[in-house]
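Colleague: requesting a structural model of the entry that follows:
(one chain, ligands or ions: 1)
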Amino acid sequence: MKIAFIAHDKKKEEIVNFAVAYEPVFDGHELYSTGTTGKRIMEKTNLKITRFNSGPLGGDQEIGAMIAKNEMDLVFFFRDPLTAQPHEPDITALLRLCDVYSIPLATNMGTAELLVQGLMRGDLNWRMIVHEKEKKNKGE
Ligand SMILES: O=C(CO)COP(=O)(O)O
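Modeller: Coordinates of the predicted model:
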């Protein structure tokens, strides 16, 4: 599964703790992140993460581009609801694309816990069917 980690500054500690707690689960997956979030997670874990730009410099849009190609399977985006962000339109666009493609998205730790439990149980394996169908449609 392709999994994205994104967190605003005041939520970075939370997402790092989350990644540390579930490191063995995330280890078998293809991981992506915005710039600083991925750096912080990699400092505290042995996870390999493909890092895009920092959010304010286009990182949300880069992850959004993967979602628009239906490539991303799960998004953990720990948002800070109490601080205005200079790139608010990019954030809104990313959340919107998750809804367009029905991508499981957690915007806080409470939901993230449930999604990771679902990931462990195989509840998200339907995403593999989506990928197979896309391959067939492309004639691959
Ligand atoms: O701003 C962000 C998401 O909107 C996160 O970006 P960083 O991970 O680079 O801090």
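Colleague: ok, the residue in the chain positioned nearest to the ligand - contacts?
Modeller: In the chain, the residue that lies nearest the ligand is G55 (2.0 Å; Cβ to the nearest ligand atom). From N, CA and C alone the C-beta is placed, and that goes for glycine too. For G55, the contacting residues are 6, 8, 34-37, 85, 87, 90-91, by Cβ atoms under 8 Å, 6 or more residues apart in numbering.
Colleague: considering only these, which also neighbour the ligand?
Modeller: Taking Cβ under 6 Å from any ligand atom, the overlap between those and the neighbourhood of the ligand is 6, 8, 34-37, 91.
Colleague: spell out which parts of the chain neighbour the ligand.
Modeller: Residues of the chain found near the ligand, taking Cβ under 6 Å from any ligand atom as the criterion, are 6, 8, 34-37, 54-56, 59-60, 91.
Colleague: would TSV of the residues you listed with secondary structure, pLDDT and distance to A21 be doable?
Modeller: Converted to TSV, the residues of the chain next to the ligand look like this (DSSP: H, G, I helix; E, B strand; the rest coil; pLDDT from 0 to 100; distance: Cβ to Cβ, whole Å):
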residue	secondary structure	pLDDT	distance to A21
I6	strand	98	17
H8	coil	98	19
T34	coil	98	20
G35	helix	98	22
T36	helix	98	20
T37	helix	98	16
S54	coil	98	24
G55	helix	97	23
P56	helix	97	27
G59	helix	98	24
D60	helix	98	24
I91	helix	98	25
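Colleague: of these - the most surrounded one?
Modeller: Top of the residues of the chain next to the ligand by neighbour number is T37, holding 30 neighbours under the definition other Cβ atoms under 10 Å.
Colleague: wait, isn't that one in contact with E13?
Modeller: No: in this structure, T37 is not within contact of E13 by Cβ atoms under 8 Å, at 11.1 Å.
Colleague: circling back to that earlier point, measure the residue of the chain closest to the ligand to C98 for me?
Modeller: Distance check for G55 against C98: by Cβ to Cβ, to the nearest Å, it reads 15 Å.
Colleague: Q85: neighbour count?
Modeller: Based on other Cβ under 10 Å, the number of other residues close to Q85 is 15.
Colleague: what are the boundaries of the helices in this protein?
Modeller: Using DSSP state H, the helices assigned to the chain run over residues 12-21, 23-26, 35-44, 59-68, 88-100, 109-121, 126-138.
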